[in-house]
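K.L.:
dropping a prediction and its sequence here:
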Amino acid sequence: MREIGENTIRMKKRLIVRKGIENIALKIEDIALIYTENKLVFVIDGQTGKKYTTDKNLAELESELDPGIFFRANRKYIISINFIKAFKPFEKVKIQVYLTLADLAHEIIVSQESSKYFKKWIDEV
């Protein structure tokens, strides 16, 4: 749960995703990466490497997911701290993040605006 002022918001424990016409309740702790491509939002299961779709956009997901576990790296990616393998400086002011997923064809770059928040987030969690 996350506290905002006097209100407490319950963080999601599952996210409903789709594979074809099948709906799947994916555990939040199994989500490694959420990204957008060609106006679709994809969710990658870090345990199986399977890719699913969701009807929600990244802004909606960012507001529903626990900020202690998930970080909005840039306009395209939300990453889970549970699947971060390493990170390094990129073009001096940005950060490149490597996930533990095999065969991940994504280059995840934390934007210049978010890099200082990423360093604080990864150090505090």
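P.N.:
Received, thanks. Residues are numbered from 1 along each chain as shown.
K.L.:
tell me how far Tyr35 lies from Glu124.
P.N.:
Counting by CB to CB, to the nearest Å, the gap from Tyr35 to Glu124 is 24 Å. For the C-beta atoms, the positions are set from N, CA and C on the backbone; glycine is no exception.
K.L.:
count of neighbours near Lys56?
P.N.:
Residues lying near Lys56 (other CB atoms under 10 Å) number 17.
K.L.:
show me the contacts for it.
P.N.:
41, 64 (CB atoms under 8 Å, 6 or more residues apart in numbering).
K.L.:
more neighbours, Tyr35 and Glu124?
P.N.:
Tyr35 (19 against 7).
K.L.:
could you give the bridge partners of that one?
P.N.:
Phe42, Tyr77 (DSSP bridges).
K.L.:
can you give me the strands in this structure?
P.N.:
Along the chain, counting by DSSP state E, strands occupy 2-4, 7-9, 14-19, 22-27, 31-37, 40-45, 51-54, 70-72, 77-80, 84-90, 94-99, 108-110.
K.L.:
any chance of these in a markdown table, with distance to Tyr117 too?
P.N.:
Compiled in a markdown table, the strands of the chain are given as follows (distance: least, CB to CB, whole Å):
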| stretch | distance to Tyr117 |
| --- | --- |
| strand 2-4 | 16 |
| strand 7-9 | 20 |
| strand 14-19 | 23 |
| strand 22-27 | 26 |
| strand 31-37 | 18 |
| strand 40-45 | 22 |
| strand 51-54 | 24 |
| strand 70-72 | 8 |
| strand 77-80 | 13 |
| strand 84-90 | 13 |
| strand 94-99 | 10 |
| strand 108-110 | 9 |
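K.L.:
how about these, which one is nearest Ser63?
P.N.:
Counting by CB to CB, Ser63 lies closest to strand 7-9 out of the strands of the chain; the figure is 9.0 Å.
K.L.:
let me see the mean pLDDT of the closest one.
P.N.:
Mean pLDDT, computed over strand 7-9, is 48.
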